[in-house]
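**Q** sequence-free structure coming up:
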């Protein structure tokens with residue numbers, strides 16, 4: 001019988017995040033603490049939920065236009081103009097998608113010809129590499145460095161570009177490191193991007209979770225709006241993960257082709273979610289600020305805890321992750337995470353789930369209560385103390 005499976009799909013590795021998620025779900029011990037998933041622990045703000053409920057009560061359950069509701073697309077444009085001072089045309093420069101993940105997928109499929117290269121700074125979110133492969137492109141990793149706070153430098157970008165390079169994926173604030181790119185960092189790489197005539201997919205899903213200063217998007221820089229697909233969504237900022245809603249903004253010629261793919265694969269984003277998202281954009285700023293303040297408190301607690309136990313970790317200023325270094329223990333990230341889970345019943349994610357250069361690091365999410373974080377840090381302190389004693 002002929003093999004029914006596509007080779008390129010079979011060769012894609014499953015998500016390293018899901019591996020530890022599944023391990024935790026199989027454990028019967030109720031004392032397990034999981035810090036492995038990047039999902040806000042807040043409920044979706046009630047006024048946003050109410051709008052979704054109201055839309056159902058009113059029987060608003062039909063398809064919307066393929067690209068999304070006109071009112072939602074206009075609110076997205078208003079939001080970006082308010083936050084970044086950049087104007088988009090709601091009619092043909094905005095696509096509403098099923099989460100930011102779908103936007104990444106359709107952007108790559110719309111932009112890539114077979115064999116064209118996509119530069120992916122790592123460590124990074126797990127979907128960029130496989131989505132590039134599924135789109136017929138060739139993923140090329142740029143290994144970012146802890147000594148640079150995992151920021152992309154102009155020289156690293158320049159060194160990675162070849163005559164086959166088509167797209168750079170820029171994902172800041174970053175998952176898993178929590179790294180950010182300041183305006184001066186973006187200005188340096190923008191010069192290279194324009195000189196080498198490549199395009200950018202800027203994944204800004206964590207843009208509202210920036211703790212040092214307001215997030216700056218690369219679309220604000222001269223010459224970058226016309227060569228960037230900016231991706232964002234509602235999962236992280238508004239705690240709307242299960243609503244599955246994201247969006248992409250960019251040049252009309254690219255958005256048109258992305259919409260075509262979305263049209264045939266998805267039809268349209270969930271109608272109820274779109275009504276809720278309109279309310280989030282109109283009246284959700286205070287909710288975002290409140291959640292951001294709580295995340296920042298947790299972030300500062302974790303950094304203090306690492307310092308107290310002598311665990312090296314640069315200070316991340318974005319998202320809701322920390323990326324501590326565990327190289328001193330002579331174990332792989334996977335070995336450390338497995339042993340920590342087995343002995344102390346705490347789940348974290350090995351840095352290698354986000355690329356080979358994540359070896360020697362762990363991703364710890366602080367999208368969890370302070371109570372759970374304190375419990376986990378007490379166990380981590382006990383765990384690393386024991387490892388150090390064994391090394392003597």
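**A** Right, received. Where do you want to start? Bear in mind the structure is a predicted one, so any value in this text is a computation, not a measurement.
**Q** The closest residue to residue 81 other than its chain neighbours: how many residues sit nearby?
**A** For residue 81, the nearest residue in space outside its immediate sequence neighbours is residue 87; the separation is 5.6 Å by C-beta to C-beta, 6 or more residues apart in numbering. For every residue, glycine as well, the C-beta is placed using N, CA and C. For residue 87, the tally of surrounding residues (other C-beta atoms under 10 Å) stands at 11.
**Q** which SS class is residue 87?
**A** Here residue 87 is coil, with the state taken from DSSP: H, G, I helix; E, B strand; the rest coil.
**Q** Please look at it and residue 77 and confirm they touch.
**A** Yes: the pair formed by residue 87 and residue 77 meets the contact definition of C-beta atoms under 8 Å, at 7.1 Å.
**Q** since we're on residue 290, how many residues are nearby?
**A** The burial metric for residue 290, expressed as a neighbour count using other C-beta under 10 Å, is 12.
**Q** and the next element down the chain from the one helix or strand it maps to?
**A** Element membership for residue 290, per DSSP states H and E: helix 285-309. Once helix 285-309 ends, the next helix or strand along the chain (criterion: DSSP H and E) is strand 321-322.
**Q** returning to what we had before: backbone dihedrals for the residue nearest to residue 81, please?
**A** Dihedral angles of residue 87 (phi, psi; degrees, to the nearest 10) stand at phi -100, psi 130.
**Q** just the one 4 residues further on next, same as before
**A** With angles defined as degrees, to the nearest 10, residue 91 sits at phi -70, psi -40.
**Q** Against residue 191, how distant is residue 319?
**A** In this structure, residue 319 and residue 191 are 26 Å apart, going by C-beta to C-beta, to the nearest Å.
**Q** Among these two, which residue is more densely surrounded?
**A** Between residue 319 and residue 191, counted using other C-beta under 10 Å, the more crowded position is residue 319 (29 against 14).
**Q** which phi and psi does that one have?
**A** Summarising the backbone geometry of residue 319 under the convention degrees, to the nearest 10, its torsions are phi 60, psi -150.
**Q** what do you get for residue 233?
**A** Taking degrees, to the nearest 10, you get phi -180, psi -170 for the backbone angles of residue 233.
**Q** Just give me the neighbour total for it.
**A** 28.
**Q** can you tell me how far it sits from residue 215?
**A** Separation of residue 233 from residue 215 (C-beta to C-beta) stands at 14 Å.
**Q** now do residue 82
**A** Distance of residue 82 to residue 215, given as C-beta to C-beta: 13 Å.
**Q** out of the two, which sits in the busier spot?
**A** Ranked by neighbour count (other C-beta under 10 Å), residue 82 and residue 215 place residue 215 first, with 20 against 10.
**Q** Quickly find the element holding the more buried one.
**A** Element membership of residue 215, judged by DSSP H and E, is empty: it is in no helix or strand.
**Q** Could you do residue 109 as well?
**A** helix 99-111.
**Q** what angle separates the next helix or strand after that helix from helix 99-111?
**A** Heading C-terminal from helix 99-111, the first helix or strand you meet, by DSSP H and E, is strand 117-122. Between the direction of strand 117-122 and that of helix 99-111, the angle (axes from the mean of the first three to the mean of the last three C-alpha atoms, to 10 degrees) works out to 150 degrees.
**Q** hang on, residue 210 packs against residue 320?
**A** No: using C-beta under 8 Å as the test, residue 210 is too far from residue 320 to be in contact (11.1 Å).
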